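Asker: Provide a 3D model corresponding to the input given below.
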Amino acid sequence: MTAISNRLAVFRRYRFLLFNLVMKDFKLKYRRSVLGILWSMLNPLLMMLVITMVFAEIFRFEDEWFAVYYLTGWLVFNLVVEGTTGAMTSIMGGGGLLKKVYIPKYIFPLEKCLFALVNTMFAMIPIFAVKAFVGMPVHPTVLFFWVPVIYVLVFAIGLGLILATLAVFFRDITHLYAVWTTAWMFLTPIIYPVDLLSESMRQWIRFNPLYHYVNMFRNVMMNGTMPNLRSHIICGILSITFLLVGLLVFKWKQDKFILYI
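Answerer: Below you'll find the predicted structure:
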């Protein structure tokens with residue numbers, strides 16, 4: 001308990017640094033941008049328009065709520081990919097600061113995941129706008145959107161810690177991960193409904209953590225149903241497992257970071 005208390009005390013001491021790093025990334029991202037923060041909302045809308053036109057016209061995919069279906073899946077996927085991609089290079093990017101002063105190294109990947117969460121909150125606005133535009137009913141369950149988002153954030157932090165550790169010693173992981181995220185997008189039911197898959201494929205897709213997060217988020221945002229106990233158990237176990245593994249791997253190797261950055 002003493003060790004945990006000490007770590008919490010260290011985290012509280014550096015929480016203002018964490019906040020300032022998030023604000024710095026926020027300002028850098030939208031600096032010299034005419035539309036600024038509006039891009040966080042326009043980007044998913046523009047992608048939604050392209051995907052909707054392609055699937056509605058070329059593939060004859062008919063679903064009156066497809067735009068919302070895509071946006072809800074994209075939001076979960078983007079939170080994970082943006083957070084983990086930023087976390088992966090965060091230690092190398094913060095190398096100059098780490099060599100000068102003592103800072104808990106986990107602050108850097110954590111900050112990238114929190115920055116992705118901030119962008120996700122802005123990206124929530126287009127979902128409600130599109131729901132209103134297409135006449136989709138808004139269920140009271142949308143008030144609990146933060147439940148699956150927290151699961152996703154914890155998962156992203158754990159995976160981000162693992163990737164940040166690997167990237168320090170194996171720089172090629174950054175290129176391999178970019179390829180993987182492309183494949184991951186098609187392995188996750190973001191664009192297509194699970195019903196189109198064969199029964200055998202449905203069994204395999206359940207091994208994809210994002211399948212469960214996306215499904216929970218859509219139930220809350222689209223279907224008006226609260227996550228059942230089974231969904232909470234699956235998502236909770238996945239998130240906590242990745243977080244614990246990430247913390248263990250990061251702690252195991254962090255003392256050697258300084259030799260490679």
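Asker: going forward, measure contacts and count neighbours with C-alpha atoms only.
Answerer: OK.
Asker: Checking Met226 next. Helix, strand or coil?
Answerer: Each residue gets one of three states, and Met226 gets coil by DSSP: H, G, I helix; E, B strand; the rest coil.
Asker: Ramachandran coordinates for it?
Answerer: Per-residue torsions, Met226: phi -80, psi 150 (degrees, to the nearest 10).
Asker: ok, for it, nearest residue in space, not its chain neighbours?
Answerer: Val220 (5.8 Å; C-alpha to C-alpha, 6 or more residues apart in numbering).
Asker: Give the full set of residues in contact with that neighbour.
Answerer: Val220 is in contact with Thr141, Val142, Phe144, Phe145, Met226, Pro227, counting by C-alpha atoms under 8 Å, 6 or more residues apart in numbering.
Asker: And the pLDDT at it?
Answerer: What the model reports for Val220 is a pLDDT of 95.
Asker: do the one 4 residues further on as well
Answerer: According to the per-residue confidence, Gly224 scores 88 in pLDDT.
Asker: How much space separates it from Phe66?
Answerer: As defined by C-alpha to C-alpha, to the nearest Å, Gly224 lies at a distance of 16 Å from Phe66.
Asker: List buried residues within the contacts of Val220.
Answerer: Thr141, Val142, Phe145, Met226, Pro227 (16 or more other C-alpha atoms under 10 Å).
Asker: who's in contact with the last one?
Answerer: Meaning Pro227. Here Pro227 is in contact with Met216, Asn219, Val220 (criterion: C-alpha under 8 Å, 6+ apart).
Asker: now with 7 Å?
Answerer: Contacts here follow C-alpha atoms under 7 Å, 6 or more residues apart in numbering; on that basis Pro227 touches Met216.
Asker: can you check the first one too?
Answerer: When contacts are counted by C-alpha under 7 Å, 6+ apart, Thr141 is found next to Val220, Met221, Gly224, Thr225, Met226.
Asker: Would you quantify the distance from the nearest residue to the second one once chain neighbours are set aside to Lys99?
Answerer: The shortest distance from Met221 to any residue that is not its chain neighbour, by C-alpha to C-alpha, 6+ apart, is 5.0 Å, and that residue is Val142. Applying C-alpha to C-alpha, the value for Val142 to Lys99 is 45 Å.
Asker: more neighbours, Gly224 and Phe66?
Answerer: More neighbours sit around Phe66 than around the other of Gly224 and Phe66, counting by other C-alpha atoms under 10 Å; the figures are 20 against 15.
Asker: Next one: that one relative to Leu49, how far apart?
Answerer: Noted for Phe66: a distance of 10 Å to Leu49, by C-alpha to C-alpha.
Asker: Now do the strands in the stretch 1-150 of the chain.
Answerer: Chain-ordered strands for the stretch 1-150 of the chain, with DSSP state E, counting those that start in this stretch as the definition, do not occur.
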